[in-house]
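In: Okay, predicted coordinates and the sequence, questions at the end:
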Amino acid sequence: MSSRAHNPSARWIWCAACTHRGYLTRGDARSVRKRHRGEKGLAVFACPHVDGLFHVGHRPDALSSGKIDRGLLRTQAVRAAAKGHVTL
């Protein structure tokens, strides 16, 4: 077994649509968040473009304040991709 098998920070793929690292499991993303210096304010959230991919970062302010929900965030991401603003 390779050394990467037990290192969640080494198991990621690039999400071209979000321009973030994407982790294949929520657990991997959580463990990376815990290892990050200054983890306060970082969240694990599902990628709005790719099912089954998770990102570590700051949540959108509108999502945190309750102005939009995750469903609307995903709908907006799909519409932006359809208009050609991002590539999937």
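Out: Happy to help now that I have it.
In: what's the average pLDDT for the longest helix along the chain?
Out: Determined from DSSP state H, the single longest helix within the chain is helix 70-83. When pLDDT is averaged along helix 70-83, the result is 75.
In: That helix: how far from the chain's middle?
Out: 14 Å (CA atoms, centre = their mean, to the nearest Å).
In: can you give me the strands for the chain?
Out: 13-15, 20-22, 43-46, 54-57 (DSSP state E).
In: and the ones you listed as a markdown table, adding mean pLDDT?
Out: Listed next are these as a markdown table, based on pLDDT from 0 to 100:
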| stretch | mean pLDDT |
| --- | --- |
| strand 13-15 | 91 |
| strand 20-22 | 90 |
| strand 43-46 | 84 |
| strand 54-57 | 89 |
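In: Which residue lies nearest the spatial centre of this structure?
Out: Nearest to the geometric centre of the chain sits His55, at 1.9 Å (CA atoms, centre = their mean).
In: quick one: buried residues of the longest helix of the chain?
Out: For helix 70-83, a neighbour-count test (16 or more other CB atoms under 10 Å) marks 73, 77 as buried. C-beta coordinates here come from the backbone N, C-alpha and C atoms, glycine included.
In: Over to stretch 47-59?
Out: 47-50, 53-56, 59.
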